[in-house]
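Peer 1: Next comes the sequence, and after it the predicted model I'd like to discuss.
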Amino acid sequence: MLHDPNKVHIFDTTLRDGEQVPGCQLSTPQKIEIAKSLELLGVDVIEAGFPVSSPGDFNSVIELSKAVNDPIICALTRANKNDIDVAADALRYAKRPRIHTGIGSSDMHIKTKFNSTREEILERAIEAVKYAKKYVEDVEFYAEDAGRADIEYLAKMIEAVIAAGATVVNIPDTNGYCLPDQYGSKILYLKENVKNIDKAIISCHCHNDLGLATANSIAGLQNGARQVECTINGIGERAGNTSMEEVVMILKTHKSLGLHTHINTQGIYEISHQVRNLMNMPVQPNKAIVGANAFAHSSGIHQDGFLKNRENYEIIKPTDVGFPDATIVLTARSGRHALKHHLDRLGHTLDKEQLAIAYTAFLDLADSKQGINDDDLNQLVALHLATKLS
Ligand code: KIV
Ligand code: ZN
């Protein structure tokens, strides 16, 4: 059923799991703006919302369905008829609609969230998929808290929902609990033990409570999953979801994995900014791929190596993700090579002796000031070298 067995489908849930974060709520026009950017970026699926949760979410799914043409538009439901009826209604304008339904799969959820039994939950899962299937061909099933579920029960559930018509099976590590080898083994177990697994795409949905969401998603892909559920900047419940930019750039950087996405990586930095601005959610400066310091070199040893050959300290070209360029930041830890680089850039060509004078003056200044900018350098030259240069 997969056209390209090595293609990883990117399922973006910035507007659903991401938007659940307190303070990140968006208006429908803002969601449309982001959805259009996601379409340009080349995502395969946009999870547009949870229609039964509020009239605002219902309306957003309707409007996004109208506004977007290429990606699949997906709506979330719980495993009950009303949620599914409402989702199907909200998806009525979607060119490629998907209903994403599901239920808890761990004993913890079964007993303490649903006060139920494994047998009853299995029946509800099957019924939900069959019911969603009356409305749309494309039904994704999520086995919530699969990260902590008994693997044999999980396999039974996955086999049953595929038999009921699920086209995608989502194995969420809802609590960000698993280690990468545990999550990878879960996916492998399903690949090897679910008889009809070839009839569905396996999806990874990992949360970042232990900082392992991206690592777990990659482990899932290495073991046979072909969809990743992720968000821009990794935003999402608690510590967040898998970060889309990280997954996409890992697959691009590590060609040996033999997997690829259809993401236009040069649009990554722009959409990261759009999401941080519209959602009012700052990105930590050291965030991989999109943080302000992701391509900034500040220690003397790194700067010297970088200036000799960028690849000494650069595994991703900043322009590949739409970042303007790498920067050599001048601090008290910088060396002469970095200072010379900036002075040359500003048109001050110094000989060895002049550079030594400039460097001493620079260190004094850098010890007393956090960042050294172009004005500082011009002034430094004027103060300490004007007579020598003229
Ligand atoms: O984390 C989770 O389990 C979810 C499901 C609703 C897919 O977000
Ligand atoms: Zn989630």
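Peer 2: Cool, the structure landed. Ligands and ions are numbered 1, 2, ... in the order given.

Peer 1: Point out where this protein drops to low pLDDT.
Peer 2: Filtered on pLDDT under 70, the chain yields the residue ranges 1-2, 387-390.

Peer 1: how about the strands of it, start to end?
Peer 2: 9-12, 45-49, 72-76, 97-104, 138-144, 168-173, 201-206, 227-230, 296-297, 327-328 (DSSP state E).

Peer 1: Looking at those strands, which is nearest to residue 63?
Peer 2: For the strands of the chain, proximity to residue 63 was assessed by C-beta to C-beta; strand 45-49 is nearest, at 8.8 Å. C-beta coordinates here come from the backbone N, C-alpha and C atoms, glycine included.

Peer 1: Can you give the domain ranges for the protein?
Peer 2: 9-279, 296-389 (automatic domain parsing).

Peer 1: Could you export the strands of the chain as a markdown table, including distance to ligand 1 and mean neighbour count?
Peer 2: As requested, the strands of the chain are exported to a markdown table (distance: least, C-beta to the nearest ligand atom, whole Å; neighbours: other C-beta atoms under 10 Å):
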| stretch | distance to ligand 1 | mean neighbour count |
| --- | --- | --- |
| strand 9-12 | 10 | 25 |
| strand 45-49 | 9 | 29 |
| strand 72-76 | 6 | 27 |
| strand 97-104 | 6 | 26 |
| strand 138-144 | 4 | 26 |
| strand 168-173 | 3 | 26 |
| strand 201-206 | 5 | 27 |
| strand 227-230 | 7 | 28 |
| strand 296-297 | 33 | 19 |
| strand 327-328 | 37 | 16 |
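
Peer 1: do you know which of those lies nearest residue 128?
Peer 2: strand 97-104 (4.6 Å).

Peer 1: what's the angle from the closest one to strand 138-144?
Peer 2: 20 degrees (axes from the mean of the first three to the mean of the last three C-alpha atoms, to 10 degrees).

Peer 1: Against which helices or strands is strand 97-104 packed?
Peer 2: strand 72-76, helix 81-90, helix 118-133, strand 138-144, strand 168-173 (3 or more C-beta pairs under 8 Å, 6 or more residues apart in numbering; DSSP states H and E).

Peer 1: Please tabulate these in TSV, including the columns distance to residue 304.
Peer 2: As requested, these are arranged in TSV below (distance: least, C-beta to C-beta, whole Å):
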stretch	distance to residue 304
strand 72-76	49
helix 81-90	57
helix 118-133	59
strand 138-144	50
strand 168-173	42
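
Peer 1: Residue 62: which of those is closest?
Peer 2: helix 81-90 (5.4 Å).

Peer 1: Just the buried positions in that closest one, please.
Peer 2: 83-88, 90 (16 or more other C-beta atoms under 10 Å).

Peer 1: Need the residues that contact it.
Peer 2: 49, 51-52, 58, 61-62, 65, 75-77, 97, 99, 101, 128, 131-132, 135-136 (C-beta atoms under 8 Å, 6 or more residues apart in numbering).

Peer 1: Same check on stretch 18-29?
Peer 2: Counting by C-beta under 8 Å, 6+ apart, 15, 31, 34, 49, 56, 59-60, 63, 231-232, 235-237, 241, 275, 278-281 sit against stretch 18-29.

Peer 1: Narrow these to those in helices?
Peer 2: 31, 34, 56, 59-60, 63, 275, 278-279 (DSSP state H).

Peer 1: Could you restrict those to the ones contacting ligand 1?
Peer 2: Among the ones in helices among the contacts of stretch 18-29, no residue is within reach of ligand 1 (C-beta under 6 Å from any ligand atom).

Peer 1: ok, so of the residues you listed, who is nearest residue 365?
Peer 2: residue 275 (37.2 Å).

Peer 1: For the nearest residue to the closest one once chain neighbours are set aside, which residues are in contact?
Peer 2: Spatial nearest neighbour of residue 275, chain neighbours left out: residue 232 (4.4 Å); criterion: C-beta to C-beta, 6 or more residues apart in numbering. Residue 232 sits next to 12, 14, 18, 34, 243-245, 271-272, 275 when contact means C-beta under 8 Å, 6+ apart.

Peer 1: Next: residue 346.
Peer 2: 374, 377-378 are the contacts of residue 346 under C-beta under 8 Å, 6+ apart.
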